Every structure is written in structure tokens, then in C-alpha cells.
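Novice: okay, predicted coordinates and the sequence, questions at the end:
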Amino acid sequence: MMSSTLALYLYNEGSELVKVGEKIRILRKAKGWTLKDLERETGLSFSFLSQVERGDSSFSQESIDKIATSLGVSSALLQSEEISVEHLESLSQLLPVAASLPVEKLEVLVQMARALKD
């Protein structure tokens, strides 16, 4: 069971140290948001959010839940050991492209991704 203060670092599947803050930064930038935007959306201070992104501050479950909700993801994704920073960086580049596709082409993209996984 996790304590109320989460560790800032998680290990991804390659056993590389990954900061939760890096994941937050990637997702924030993928939305085109500044730290000020995230501050407004979460109600958390700019200074605190900046420290979390840099890995200079611990955070409560309540804070990570607010950040995740504002970014449109689950807090589990931010805390996941299976989702690396590299995965999020690639996904953040793919999402705007996928969002601009008509539904039928998006379905083809999903099928291709599933085929690549297998």
C-alpha cells in the first residue's frame, strides 16, 4: 500500500529511473498548457507544480489526483511502472495526428497499432 506521500521516482520496465514529474510535464505540454494553465486547472500553486515537475518536491495522493484529472488521465497512469517517459513522449506526438483523422482512418490506425503489438 502506498503512503500518503508518494515517491517521486518509479522504475519503468527497463528499470530506468523515471520521474513522475517528467510524465506530468510531457502531458501538460501535449495539451499546450503552461504551468500557469495547470495551476488554474488544479488549484495547486505554480511553485509547487514546478517543484513536482522538476522532482524537487513530494506530493500527496490528493495532489496527484488533481493533476491527473486536470490532464485527463488517471493518477494510476502517472504512477505506473509500465508507462515510461519515452512512451508518453511518443504518444504525445501521435495524439494530435490521430485527433485530426476521420473516424474510419483512426480505426485503421488502431488496427495497425494492435497488429504491431502482436
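Specialist: Structure's in. What do you need?

Novice: excluding residues flanking it in the chain, which one is nearest Leu27?
Specialist: In space, and not counting its chain neighbours, Leu27 is closest to Leu71: 4.5 Å by CB to CB, 6 or more residues apart in numbering. All C-beta atoms are positioned from the backbone trio N, CA, C, and that covers glycine.

Novice: and the one you found, how far from Ile64?
Specialist: From Leu71 across to Ile64, the span is 11 Å (CB to CB, to the nearest Å).

Novice: can you pull the contacts of Ser50?
Specialist: Contacts here follow CB atoms under 8 Å, 6 or more residues apart in numbering; on that basis Ser50 touches Leu35.

Novice: for it, helix, strand, or coil?
Specialist: helix (DSSP: H, G, I helix; E, B strand; the rest coil).

Novice: returning to what we had before: contact partners for the residue nearest to Leu27?
Specialist: By CB under 8 Å, 6+ apart, the neighbours of Leu71 are 24, 27-28, 31, 38.

Novice: in the helix or strand that contains Ser90, which residues are buried?
Specialist: Using DSSP states H and E, Ser90 falls within helix 85-99. For helix 85-99, burial by neighbour count (16 or more other CB atoms under 10 Å) applies to 85, 87-88.
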